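[1] I need the structure of the sequence given here:
(2 chains)
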Amino acid sequence: MKMPRLEYPRTSNEPRMHSLIRKSFAFLPTVGMRSAPEELLLELFREVFYETHYESGRNNPLDPEADPGDAGRLPYTKGEKAVLYALQGRRKKTRNSRVNRYYGPAYPALARNGWFGKNRERIVKEILFSGIVAQHLWHRGPDVKAKKEEQDRILRLLVEAFIGRRAVEVYGLQGSDILSAALADGAPTEMDRDLAWDKLLDATGYSDKVMRLDSDRFASRICDDLCALCELEGELPRMQWLSLLMTFLRFSLPVYALAQMRLTSMVLDLLVDAIDEGTMPDQERVERSISGRHEQLMRPTITPTREVFEQVEEYIRHRVELNVLLYAVDATCEQLLLGKSLCVKGGSADRLSLVQLSSLCRENSDAIRAVLDDTGDGLPLRNYLVREAEKHLAWKSPRKRGQGKNIDEFLRVMYRDDLGDESGGYLLRPVGRGAARGLRVFPGQMLLKTMTHLAAKKKFAGSARERGRFVLADVEAHFADYGIDFRDAVGARPRLIEDLTALGLLRGSPDAGSSVAISHPY
Amino acid sequence: MGVEAATIVPTETALSKSILDANSCVRRIFRWLGFHDYGQQRKGPTHKSVKRAYLVYAACYHPTRVSLYRPSSKEGAPRFWVHGLARYAQPGDPLALIPCDDDLYVVNMASVVIVRSVANMLSSLQGDANSTLSNYVTVDGYDEGREAPNSEEDPMKNPFLVRLLDLQQDGEGAISAPGNWIKGEPLLEVRTRLDEVIEDLANTGLQSGEPESPGRWHFFVGSPGNGKSAAVGKLCRLLVSDSYGCSIRDPEGRSLEDLAETDIPYYLDVYEPHNPFPSMRIVQDASVVRDPYGPRVDPAMDLLDTLEDVWRRGMSLIVCTNRGVIEKAHWDYHGDSEVNRKPWFRVLGQVCQGKPPRDDEESFTLEFDAIKAAFPGVQISFDHLDNLSLLVSSDVYDRLIQEATAACHWSVCSECPTNRLCPFRANRDWLADDDGRTNVLRILRRAEVLSGQVIVFREALALLSLLLSGCPADYPDNDPCRWVRTRAETEDVFGLASRRLYMVLFSSHVPFGMDRSEQIREYQTDAIQTIIEKLPDHLPTSLAPLRNVLSGEQPSTDVGVGRLLALDGVLAELDPSGDSLPSDFLESWEADIPNQEGEQARFFSEIEERCLSIWREVESAIEILPSHEASDLYWPMRRWTSSFTLYHGALVQGKSAWSHQLDEFIHLLEVTMLAIWERTSADKRALSELSDKLEMLMRLESEHTEQLAVELSDTVLLTGNWVVQNLDPQMSPSNGSESLTLSIQFGDGKDEESTLAASTFAWLSKSVEAGLDRRCFPPRLLSGIVDARVRSAAKGGYAFSGGDVELVISPAEDQRFRLKRIAGGDVLIEDA
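    Model (predicted):
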């Protein structure tokens, strides 16, 4: 008997995200174009220090010369303009744009006249605060007391650093940062700390999207590094600190998003195996895989590759296939998925664990297969999923349609830009055009310095007995914590050594390999 | 001969083991002439006497040394050894030993030519009572006599050239390995500071030295090819010689004599006579793993195991290693309390931090704690070889060249019928000439500093071998002499010219010295083809040489020493045609075919004469053609001609691209290598001028200000007195491995460091001298210095300083803000 055709809600490019995923850890928040790291900084200050992250529905890029007119906001004074210009980023590529540069707000008060539109994706909030920081804090559950204390500590650190420990209103004029002192003639720079605290508390709180794991090395690494950077604020001039922070945001957020994308593929594989092979996932292995989702994310290359593009394409295709599969499960086990969200372990009335979902799929494998297999020729399930998924534009052109396009655009923040990216905060360097375009994965000098600093902080945070000398292996290990593995990449280590030598950071013989001593850049 | 001489006939064993018995005749003559009295000499290596000796050839003498000693073993039977004798004589050759003025002259009586020549000299001596034998021996140049060739089959073949080929990168002599250490002495050897170290180690690293004296642990630290293994090879030859009478065995008990040339044991143990236990261990290359098939492949760990084992046995230890292995061994276990508390671990830290030796303070002593230790303690010392140049502040390469060009090695060439067309003999003459050699060394020194990396022994010898015996790839029969004769017979003048040293240095990567650009090379070959086709009757002497150029049988362009000679090698960067050369030079060497008169005539061999005559003939022939055809041929031919003449002239005059700037850098490097109290006021002035130049460069960076400024970003400049006070650069030689760069430190504590490479300095000098636009300066060259300065400024807290700090913010050409810190922490804001 031929089963009726599978029906499910669709958007213009792909199936509508199944509710089981939308509220779960496997959901990747919507991301979008961030053309320059200065935009991430603007978004960060707006998210933390302003009532709303927007003032209007439209984007309003930061412009030192902008006149807010009668909107009730103060125009920039001469000192403020000077400070905005000091953090001038790269040139915009659009010819008709009134503002032809990106500007970073050195202090939160300077973000008052710039914002992203109301309906724009909120990358900093969703990925940094509700993603990385929340995941680090609550991966063992929302009731761990020590973590609540840690949340307080982290939020205090973030607020202090973002406001600036050497800001005039905190430190006084004598000994303040020269940029802060230059703002003294402008609008009041004191920000509402309580508001910032509440907003961060809310953004970093526990949610269904947090993965319950015994340990999450990846999120913890990024969160610890963010804290290490915030601790540095006040020791370095604001301008240099901000360039470190922007480099960090520009690198860590896309890398985290890339790692999260792997979870979709992992869930899909587990369910397909349960249906095709009748295998059940091992809880420990699942957790290990999730915890190691960042491993080997990108291999440093001297020649361009399409590895990153392929990851985006794979994610989008698997996302479409997973949704199709879940709607097929819906069609066979009506009500069972309704109103639930997917979790890693410990299902409840409103949560379904991965193991439970796999079990459900296995038990209903024939029915699920029947829903998808309209020919009855008994091929592996993947074939039918692909047949159904390829009807969607997102599956056919993963990086040109829908979320794939957004992700592709977001990842461009890691690209080296030909205009004004001399400091080298990039990880990826595009080579070629069109279909032949590839990406060379190798950190620029600024990113290298940032990671070297963070690796040194990590090394010297340990007990004195374990410290030893700060060597290249520590820098490599730190990159590996972000999924960039130099140890397996041919030719990458010599290049890394060469770059560190050029920066004057190498303190020993290059032929010591990973044991060559490195000096701390900051 | 009319002089008192002792005669000996060395056996094969004597020559291979470097031991000669001082028979009664030798002892008597030595004592009678006051040269040496074995009766007064005590036994043991510490009482060995070393004197100057000369190996006498037909036309020259070769300086060497003779060791006179009585071994501790064998009842102290008197012995001696003349260094280099194995190369001078065959087993069975009768040798005359002539002591004269505390020197020993050794004459190979098997060579009739030598005997006749010496007899002539001695007869001259009789007429001049004040002369010594050496006054009558020509050091350089040739005479009519020649050394008796070893090669019976080809009397014209120079065996020295064949042996030189072994020194090239794939030659048998390129790598010094235990299997060939005692099979003979190196072909080219000059005495360096390391010889003293080796002799000291031999004297003090054995138990037969002073009683109760400590053993030795010595580390030779350096990169591949810079002579560590060769030094240890020399030590082994010394130890197995009769002076010390030691035997050396690998871990399997095989003696050094029994090792094949491919055997590379991880370590060798040295056994003294009558002692069943080893006194010394030699690790000849700690960068290899002890067991490549074992579960653990980590040379650093193997080194630690060795140190622990040797410490437990209380032996002497000699280690050859690259710096990386030592650093890895140290830093990997620096934090491991199981390892770092062991007394021998301290040694690694000292060796890691050691600086190139300058005085005798680099040794310290530890006491062994083992009960059955061979020594009560150990004296630790080390030599960092990786920054030691053979060229800069050193005459080692100069002496190596002199050794290789000594007339004795080349006397056989004097009767060769093709010697006037031999590029190798012509190169030898060039290098034997003081001015010629000086200019070649000057170019090589520039190449060395421009690359920032020392030219190691292996490279140096390979290059010398290439210049003097050509490229083995050209010789299927391994016979450079035959290659020259064949090329001469076939009138391949340009093939021979390709091996002239100026062409080898600047143009060995392209056939026949033609253009680097493939497209222009095609024009050139097309032009030659056309000339041959259209004007054969007008080329009576040029036709055959030109046809050879098109035959496709060009000398190999893969000549090795790629770092220096390849298309993208260092010498290509020094190509004189890449720089603006003085007009008088161009007039002499490029604009017209040069004449061969005056001072530089000695650098023209018959090869150049033939080439010039061919080019003249070709140019005359071209003029016969209609003008539109002639111009198409003239230009590519002229370009070919001028590449030869320009390179030739450049080497004659020691010119290259960046010559002035690089020579200045070398001078600065030499100055910074001196201790402060050794610097003259001129040296100090030169360093001060360098600081000024750097400052000017920093100003070049910042077009908006006349003051010293730091570019914090492409928009923001940091300036003011704070910058002058806190960011002034201080220079010292860099300690980086294999590095020939200057180190620049910034900041109060001078904690931010960068290197000033020769290339950066050269650009810097040119920018300042020629007033180049800042955009001409390649930014990558300065990025390291700029970054170090920005970091130093950031760490120095410019932003918090109450001093004179100014930020100049220039977002656009017509827009500028100045933030100036004033008293009380306020900031003045000015815009323009």
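[2] number of nearby residues for residue B:297?
    12 (other C-beta atoms under 10 Å in any protein chain shown). Where you see a C-beta, it was placed from the backbone N, CA and C, and this is true even at glycine.
[3] same question, residue A:447
    Other residues close to residue A:447 by other C-beta under 10 Å number 24.
[4] which helices and strands does the helix or strand where it lies pack with?
    Applying DSSP states H and E as the criterion places residue A:447 in helix A:445-461. If you count contacts as 3 or more C-beta pairs under 8 Å, 6 or more residues apart in numbering or on different chains; DSSP states H and E, helix A:445-461 packs onto helix A:217-232, helix A:238-276, helix A:472-481, helix A:492-502, helix B:779-795.
[5] quick one, phi/psi of the closest residue to chain B within the stretch 101-250 of chain A?
    Closest to chain B within the stretch 101-250 of chain A is residue A:237: 3.2 Å, counting by C-beta to the nearest C-beta. Backbone torsions of residue A:237, given as degrees, to the nearest 10, read phi -60, psi 150.
[6] next one: residue A:10
    phi -130, psi 150.
[7] One more: residue B:472?
    phi -60, psi -30.
[8] okay, and the helix or strand of the chain with the least pLDDT?
    No chain specified, so I'll use chain A. helix A:464-467 (a mean of 54; mean pLDDT, DSSP states H and E).
[9] look at chain B instead
    Result, chain B / mean pLDDT, DSSP H and E: helix B:112-125, a mean of 64.
[10] any idea which helix or strand comes after that one?
    Helix B:112-125 is succeeded, C-terminally, by helix B:159-165 (DSSP H and E).
[11] packing partners for that following helix?
    helix B:457-469, helix B:480-489.
[12] nearest to chain A, of these?
    Across the helices and strands packed on helix B:159-165, closest to chain A is helix B:457-469 (C-beta to the nearest C-beta), at 15.7 Å.
[13] List the residues that contact the residue positioned nearest the centre of chain A.
    Central residue of chain A (C-alpha atoms, centre = their mean): residue A:253, 2.3 Å from the mean position. Contact analysis of residue A:253 by C-beta atoms under 8 Å, 6 or more residues apart in numbering or on different chains lists A:40, A:123, A:124, A:127, A:128, A:413.
[14] Need the max-distance pair from the residues you listed.
    Within these, A:128 and A:413 form the most distant pair, 13.1 Å apart (C-beta to C-beta).
[15] Low-confidence ranges, chain A, go.
    Chain A contains residues with pLDDT under 70 at A:1-4, A:70, A:93-99, A:374, A:376, A:462-468, A:508-512.
[16] the strands in it, which residues?
    Along chain A, counting by DSSP state E, strands occupy A:88-91, A:101-103, A:341-343, A:351-353, A:428-431, A:438-441.
[17] Quick one: closest of these to chain B.
    Nearest of these (C-beta to the nearest C-beta): strand A:88-91, 4.8 Å.
[18] circling back to that earlier point, mind putting the helices and strands packed on helix B:159-165 into JSON lines with mean neighbour count and distance to residue B:518?
    Shown next, in JSON lines, are those (neighbours: other C-beta atoms under 10 Å in any protein chain shown; distance: least, C-beta to C-beta, whole Å):
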{"stretch": "helix B:457-469", "mean neighbour count": "26", "distance to residue B:518": "24"}
{"stretch": "helix B:480-489", "mean neighbour count": "21", "distance to residue B:518": "25"}
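[19] Would you reformat those helices as JSON lines and include distance to chain A?
    Formatted as JSON lines, the helices and strands packed on helix B:159-165 follow (distance: least, C-beta to the nearest C-beta, whole Å):
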{"stretch": "helix B:457-469", "distance to chain A": "16"}
{"stretch": "helix B:480-489", "distance to chain A": "35"}
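[20] Take these and lay them out in TSV including distance to residue A:420 and mean pLDDT.
    TSV is the format used below for the helices and strands packed on helix B:159-165 (distance: least, C-beta to C-beta, whole Å; pLDDT from 0 to 100):
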stretch	distance to residue A:420	mean pLDDT
helix B:457-469	42	93
helix B:480-489	58	93
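[21] Rebuild those helices as TSV, extending it with distance to residue B:445.
    What follows is these, written out as TSV (distance: least, C-beta to C-beta, whole Å):
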stretch	distance to residue B:445
helix B:457-469	12
helix B:480-489	27
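[22] Compare the ones you listed and report which one is nearest to residue B:529.
    Here helix B:480-489 is closest among those (C-beta to C-beta), at 20.9 Å.
[23] Residue B:241 is in contact with residue B:48, correct?
    No - in this structure, residue B:48 is not within contact of residue B:241 by C-beta atoms under 8 Å, at 9.6 Å.
[24] Quick check: neighbours shared by these two?
    residue B:67.
[25] Any chance of CSV for the contacts of residue A:253, columns distance to chain B and neighbour count?
    Shown next, in CSV, are those (distance: C-beta to the nearest C-beta, whole Å; neighbours: other C-beta atoms under 10 Å in any protein chain shown):
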residue, distance to chain B, neighbour count
A:40, 17, 21
A:123, 24, 27
A:124, 23, 26
A:127, 27, 24
A:128, 25, 26
A:413, 19, 26
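[26] which among these gets closest to residue B:28?
    Nearest to residue B:28 among these, with distances taken as C-beta to C-beta, is residue A:413, at 91.8 Å.
[27] check contacts around the closest one.
    A:34, A:35, A:36, A:37, A:40, A:250, A:253, A:254.
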